[in-house]
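Chemist: quick one: sequence plus predicted model below, questions after.
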Amino acid sequence: MPRALLSVSDKTGIVDVGRGLVARGFELVSTGGTARALADAGLAVTGVSSVTGFPEMMDGRVKTLHPALHAGILARRDRPDDLAALERHGLALVDVVVVNLYPFVRAAANPATSFDALVEEIDIGGPSLVRAAAKNFRGVLVVVDPADYPSLLEAIDGTPSLGFRYGLMRKALAHTGAYDTAISATLATINLNGDRFERDAVRPVPDATKEPPAAKEWAGDRLDVPLEKIRDLRYGENPHQRAAWYRLGVAQDFSPASGLGAATVLQGKELSYTNLLDLDAAARIVLEFDEPAAAVIKHTNPCGAAIGSSAADAYVRARDADSMAAFGGIVALNRPLDRTVADAVVTTFIEAVIAPSVEADAKPILAGKPNMRVVIANFDRLRSEGIEVRTILGAALVQERDFVAEARQDWSLAESAELRVVTRRAPSAEEWQALRFAWRICAHVKSNAVIFTDATRTLAIGAGQMSRVDAVNVALMKVRGAGDRALRNSVAASDAFFPFRDGLDAVAAAGATAVVQPGGSVRDAEVIAAADEHGMAMVFTGRRHFRH
């Protein structure tokens, strides 16, 4: 009689697969809670202790680590000496291994789980069974995912192909690999303080008034970043480049997938590589705001961004900030996409729109543009924490995500040692609001960047230039034809300091009355003097926001 070993933490579908195996003539061998679940369903189960001749010991720490099981799994079916060894010791083959591991990741996701409790969730026997079965995949079917139970039974009904067996092997070893990665990543967050093991707290929004932590305080000697494929993409940035879309696995922060790793594509053509980059860039902007906000992106730069009384109001204002560039753009909203927004969106050719949800009465309107991608994604967990990994030739760079933490509160009430007025004239109440708005947008524009805004929307954006004068000139080009007064009484933001006064002079000539920048140049005094000459207000934030 063929034998199946079942020992799972996730009991989903275990009774059904057990019943299916019994119907196909298998003896079920099982442990602990899995055996009880099968027996409660009326299935005949042989306990592991009956096979090994030893009881489960030490609260279940030792139960499957025994030659009576592992020999039956590892015996090579094409090796007479292996089969003879089994017969000599009175052992039987194990043909199917259905195992998944202790819920370590779920325990690690709870910051209240103590170090000792985490250690107890480190599975020993389970990974050993899975690896043994995977190693002997030509003779043993190993299943770690309940989603594969139906295909397991279907394969047994015929003759499991080598390709099917190999696919199960690969998935099984990926399962144990991800498990070990999660353990390693968790231990990197635990510090030994005297004789106490203490878990790091969840990192808060970075404090703009403090120096960033030294690398050794947050970046370990090893970083494992598990990636789970969502799908292959048609191509990369260009048709000759292959590409795929992956979600970050659980080992980075032990939370459920979110953002673009758990997005739902409601309609539209297949998302492309560049669509996903632009959706990410757009979402980053609207996440800076608590009020209704919208951004329209082209090639990862905003062509318009705005806040408004509603999502629809914000979208229209963002779109109209540069209506020509908005054609074929990518849109992000930080509010549900309702009927009013949908009516506005479909009046312009938009490649894709992303929002936290889509209301039912908006769906028929959006469906009128069947090629437009509509993406639903929840970014709440990503508003205030996270790391970024970026590859370079032969290496990788890791950094904390950049947040405009210094603009989380009303600037007119928040002057500090870092956020300070450096000119003779302080900003007016309206200029304070506009500067804060501009600073949050500027951080998401490719460097070198200078942008012009009012208090609620962008007016002109100079992105990705080699000098700040060039950036101002690009911004002016964007409003050419709107008249000399297009930027009159605007404010400006520069993502890094002005190295010379010529950039500040260009900003003043464009019509801005106030400017925000990090400060820190050896020529700050010269730039401040220029601002005073122009009667401008200037604020230093003490914090740079390059985006390369």
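Modeler: Here it is on my side, so go on. Numbers count the residues shown, from 1 in each chain.

Chemist: so where's the chain uncertain?
Modeler: Applying pLDDT under 70 to the chain picks out residues 57, 59-61, 63, 200-220, 249-257, 383-385, 413-417, 481-484.

Chemist: look up phi and psi at residue 233.
Modeler: Per-residue torsions, residue 233: phi -100, psi 160 (degrees, to the nearest 10).

Chemist: what's around the residue lying closest to it once chain neighbours are set aside, how many residues?
Modeler: In this structure, residue 233 finds its nearest non-sequential neighbour in residue 243, 4.2 Å apart by CB to CB, 6 or more residues apart in numbering. From N, CA and C alone the C-beta is placed, and that goes for glycine too. Neighbours of residue 243 under the rule other CB atoms under 10 Å: 15.

Chemist: name the SS class of residue 102, please.
Modeler: What DSSP: H, G, I helix; E, B strand; the rest coil gives for residue 102 is coil.

Chemist: residues contacting it?
Modeler: 9, 121-123, 126 (CB atoms under 8 Å, 6 or more residues apart in numbering).

Chemist: again, but for residue 478
Modeler: Residue 478 neighbours (CB under 8 Å, 6+ apart): 322, 325, 460-462.

Chemist: and the gap between it and residue 303?
Modeler: Counting by CB to CB, to the nearest Å, the gap from residue 478 to residue 303 is 8 Å.

Chemist: same question, residue 119
Modeler: Residue 119 is 52 Å from residue 303, by CB to CB.

Chemist: and the helix or strand that residue 16 is a member of, which residues are buried?
Modeler: Element membership for residue 16 (DSSP states H and E) is helix 14-23. Using 16 or more other CB atoms under 10 Å as the burial criterion, the residues of helix 14-23 that qualify are 14-15, 17-22.

Chemist: counting by contacts, list what it packs against.
Modeler: For helix 14-23, the packing partners by 3 or more CB pairs under 8 Å, 6 or more residues apart in numbering; DSSP states H and E come out as strand 3-7, strand 27-30, helix 32-40, strand 96-99, helix 149-157.

Chemist: out of those, flag the one nearest residue 190.
Modeler: Checking the helices and strands packed on helix 14-23 against residue 190 by CB to CB gives strand 96-99 as the closest, at 26.9 Å.

Chemist: helices or strands up against the closest one?
Modeler: Here strand 96-99 touches strand 3-7, helix 14-23, helix 125-135, strand 141-143, helix 149-157, going by 3+ CB pairs under 8 Å, 6+ apart.

Chemist: for it, the distance to its chain's centre please.
Modeler: Counting by CA atoms, centre = their mean, to the nearest Å, strand 96-99 is centred 32 Å from the centre of its parent chain.

Chemist: direction included, what does that strand pair up with?
Modeler: With DSSP bridges as the test, strand 96-99 is paired with strand 3-7 (parallel), strand 141-143 (parallel).

Chemist: show me what the shortest one is in contact with.
Modeler: Contact partners of strand 141-143, identified using CB under 8 Å, 6+ apart, comprise 17, 95-99, 130, 133-134, 149, 152, 155-156, 160, 165, 168-169, 172.

Chemist: in the helix or strand hosting residue 186, what counts as buried?
Modeler: Element membership for residue 186, per DSSP H and E: helix 162-187. Neighbour counts over helix 162-187 (16+ other CB under 10 Å) mark 164-165, 168-169, 171-173, 175-183, 185-186 as buried.

Chemist: which strands or helices does the very next helix or strand once past it pack on?
Modeler: Sequence order places strand 190-193 as the next helix or strand after helix 162-187, per DSSP H and E. In terms of contacts (3+ CB pairs under 8 Å, 6+ apart), strand 190-193 is packed against strand 196-199.

Chemist: what does the strand it packs on rub up against?
Modeler: With contacts defined as CB under 8 Å, 6+ apart, strand 196-199 is touched by 111, 113-116, 189-192.

Chemist: mark which of the residues you listed are buried, thanks.
Modeler: The neighbour count (16+ other CB under 10 Å) marks 113, 189 as buried among the contacts of strand 196-199.

Chemist: circling back to that earlier point, which one among the contacts of residue 102 gets closest to residue 76?
Modeler: Distance to residue 76, by CB to CB, is smallest for residue 126 among the contacts of residue 102, at 22.6 Å.

Chemist: roughly how far does the closest one sit from residue 103?
Modeler: Distance from residue 126 to residue 103, by CB to CB: 11 Å.

Chemist: what's near enough to touch residue 333?
Modeler: Contacts of residue 333 (CB under 8 Å, 6+ apart): 286, 292-294, 311, 314-315, 341, 353-356.

Chemist: what about those, which one has the most neighbours?
Modeler: Per-residue neighbour counts (other CB under 10 Å) across the contacts of residue 333 peak at residue 294, which has 35 neighbours.

Chemist: looking at this, that residue is in a strand?
Modeler: Yes - assigned with three-state DSSP, residue 294 falls within a strand.

Chemist: how close does it sit to residue 454?
Modeler: 15 Å.
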